[in-house]
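Asker: give me a 3D structure for the following:
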Amino acid sequence: MKFLLGLVLTLAMFGAVADEGEVADAALIAELTQYCNDIAEEDGTGGQNLNVFLLECVNNELKSEGYQAIEKI
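Answerer: Residues are numbered from 1 along each chain as shown. This next block holds a predicted model:
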């Protein structure tokens, strides 16, 4: 029974950690959007729609800096 309780607590703890991360402010999102737009202009989008490319690029940058992903730009 202790094992089961420990397992449940461990899983709950990891679930809480996965949701952590600061919310980026609008200025940072705008800066990253411009950065990703520059990449798209220079290197292309690999066939992706520009808006999809920008969202993925911005979210990758946000995640790498410890911020939460966004749903739209």
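Asker: once you drop chain neighbours, what's closest to residue 58?
Answerer: Nearest residue to residue 58, sequence neighbours excluded (Cβ to Cβ, 6 or more residues apart in numbering): residue 32, at 4.7 Å. (Glycine included, C-beta is placed from N, CA and C.)
Asker: tell me the helix or strand right after the host helix or strand of the one you found.
Answerer: Element membership for residue 32 (DSSP states H and E) is helix 26-43. Sequence-wise, the next helix or strand downstream of helix 26-43 (DSSP H and E) is helix 50-64.
Asker: starting at the chain centroid, how far to that following helix?
Answerer: Chain-centre distance of helix 50-64: 7 Å, with Cα atoms, centre = their mean, to the nearest Å.
Asker: tell me the mean pLDDT for that helix?
Answerer: Across helix 50-64, pLDDT averages out at 98.
Asker: give me the residues contacting it.
Answerer: 21, 24, 28-29, 32-33, 35-37, 39-40, 45-46, 48, 68-70, 72-73 (Cβ atoms under 8 Å, 6 or more residues apart in numbering).
Asker: got the CA positions of it in PDB?
Answerer: Output in PDB follows, covering the C-alpha atoms of helix 50-64 (Å, rounded to 0.1, in the frame of the first residue of the first chain):
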ATOM      1  CA  LEU A  50       4.000  31.100 -42.100                       C
ATOM      2  CA  ASN A  51       1.700  31.400 -39.100                       C
ATOM      3  CA  VAL A  52       2.300  27.800 -38.100                       C
ATOM      4  CA  PHE A  53       6.000  28.200 -38.500                       C
ATOM      5  CA  LEU A  54       6.100  31.300 -36.400                       C
ATOM      6  CA  LEU A  55       4.000  29.700 -33.600                       C
ATOM      7  CA  GLU A  56       6.300  26.600 -33.500                       C
ATOM      8  CA  CYS A  57       9.400  28.700 -33.600                       C
ATOM      9  CA  VAL A  58       8.200  31.100 -30.900                       C
ATOM     10  CA  ASN A  59       7.100  28.200 -28.700                       C
ATOM     11  CA  ASN A  60      10.500  26.500 -29.100                       C
ATOM     12  CA  GLU A  61      12.300  29.600 -28.000                       C
ATOM     13  CA  LEU A  62       9.900  30.100 -25.100                       C
ATOM     14  CA  LYS A  63      10.400  26.600 -23.900                       C
ATOM     15  CA  SER A  64      14.200  26.800 -24.200                       C
END
